[in-house]
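Below is the structure, and that's it, no one-letter string:
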């Protein structure tokens, strides 16, 4: 079963991370990327430098409020899964997502806000074995897109 994936970037500070996530989105056939809050757009040089043309191959759009994007996606039949290391998050390998999945990736420092987490259907986390507590947001996004595309 082919999944329909949408990627939601919530307040991503680094244009390099935006570019990297667009490149991963291209590789995993993401339907569109929605850039929310302070997330920079991929028409900026720093994002393009990393995206290597993915900013032209993956449809993207801007939205001011992530919560309204999440609600709209749910109304369109998407299961909205946040990517976050927090209490109650399930290991990503335990998910068997439905056909339509929206992945929400939060800010590099603060992650997904607690108020937004309440609107999301489920929270996935990527288990860590090393000393660090989390992966770089763009790396985590790539891992999650792979996991959801191939679950």
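Good, I have the coordinates. Worth saying up front: this structure is predicted, and the values here are computed from it rather than measured. Residues are numbered from 1 along each chain as shown.

OK, contacts around residue 82?
With contact set as Cβ atoms under 8 Å, 6 or more residues apart in numbering, residue 82 has these partners: 103, 104, 106, 112, 116, 117, 120, 122, 123, 124. For glycine as for every other residue, the C-beta is placed from the backbone atoms N, C-alpha and C.

Tell me if it really is in a strand.
Yes - going by DSSP: H, G, I helix; E, B strand; the rest coil, the assignment for residue 82 places it inside a strand.

hmm, back to that, just the buried residues of the contacts of residue 82.
If you count burial by 16 or more other Cβ atoms under 10 Å, the buried members of the contacts of residue 82 come out as 103, 104, 106, 112, 116, 117, 120, 123, 124.

Tell me which of those residues fall in helices.
When helices are assigned by DSSP state H, the members of the buried ones among the contacts of residue 82 inside them are 116, 117.

Closest to residue 23 out of the buried ones among the contacts of residue 82?
Nearest to residue 23, judged by Cβ to Cβ, of those is residue 103 at 15.1 Å.
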